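Colleague: Mind looking at a prediction? Sequence and model below.
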Amino acid sequence: MTQIAPSILAADFVNLERDIRRVSSADWLHVDVMDGAFVPNITIGVPVVASIRRCTPLPLDVHLMIEKPVRYIEAFAKAGADLLSVHLEADSPAGIAKALQVMEDCGVKKGVALRPITKAEAILPYLEELDLVLVMTVEPGFGGQSFLTEQLETIAQVRALIDRYHPGCRLEVDGGINPQTARQAVQAGADLLVAGSAVYGADDPSQAIAALRG
């Protein structure tokens, strides 16, 4: 079954604990960390992740949209992240490899993320050690954007690589997910969907989560 990870980027940060509890029927909680350098937005840091950890039993899927992420892997792992995703575009191959090694040392699940400009083949040097590949279907940085349909081909290509080299790896899709685009992403090969506006913009987030699962 398709799993759903609501993105707290679309939550009400004045009532963050309330909004986290409103999505308790989800499978993961997606936390977008942005540094204002890798992407043109600033969101939250380690102390907020630690606070989130204390108010939900959901696994924390922490998406690091930050430059040279290896610097912060240990801190976010200690704050309570269950899985960390780093962008392949955010550092050199050696830096990405080091970040994944630190994740291994910290005992957190390991993920890499791809911006729309990045080809599926970029995951190959790391794929066999990954727990998750995240394909962005918007340009990272802001919520509420429209799904880039051309990314369906990238999703399908990543699925083919996962099936060939590491079938146990999850394929997550993030950006513009709603019931219609969720079906398209799953048909292309996704098995974990991130959704912000589609969940938190609904009158009943739990019903929205169920609709996304299909």
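Modeller: On my side now, so go ahead.

Colleague: Make sure D12 is actually in contact with G196.
Modeller: No. Contact between D12 and G196 fails when scored by Cβ atoms under 8 Å: they sit 12.0 Å apart. All C-beta spots, glycine's among them, are computed from the backbone N, C-alpha and C.

Colleague: Which of these two has more residues huddled nearby?
Modeller: G196 (23 against 11; other Cβ atoms under 10 Å).

Colleague: now that one: how far from Q207?
Modeller: 16 Å (Cβ to Cβ, to the nearest Å).

Colleague: What of E139?
Modeller: 29 Å.

Colleague: Also L192?
Modeller: In terms of Cβ to Cβ, L192 sits 20 Å off from Q207.

Colleague: which stretches of this protein form strands?
Modeller: 3-6, 29-34, 60-65, 83-87, 109-114, 132-136, 170-174, 192-195 (DSSP state E).

Colleague: I'd like to know which of the ones you listed lies nearest to L161.
Modeller: strand 132-136 (8.3 Å; Cβ to Cβ).

Colleague: Tell me which other helices or strands the closest one touches.
Modeller: Other helices and strands packing on strand 132-136, by 3 or more Cβ pairs under 8 Å, 6 or more residues apart in numbering; DSSP states H and E, are strand 83-87, strand 109-114, helix 151-165, strand 170-174.

Colleague: Just give the strands next to the second one in its sheet, each with its orientation.
Modeller: I take that to be strand 109-114. strand 83-87 (parallel), strand 132-136 (parallel) (DSSP bridges).

Colleague: for the record, mean pLDDT for the first one?
Modeller: Along strand 83-87, the predicted local confidence has a mean pLDDT of 98.

Colleague: Spatially central residue in this structure, please.
Modeller: H63 (4.9 Å; Cα atoms, centre = their mean).
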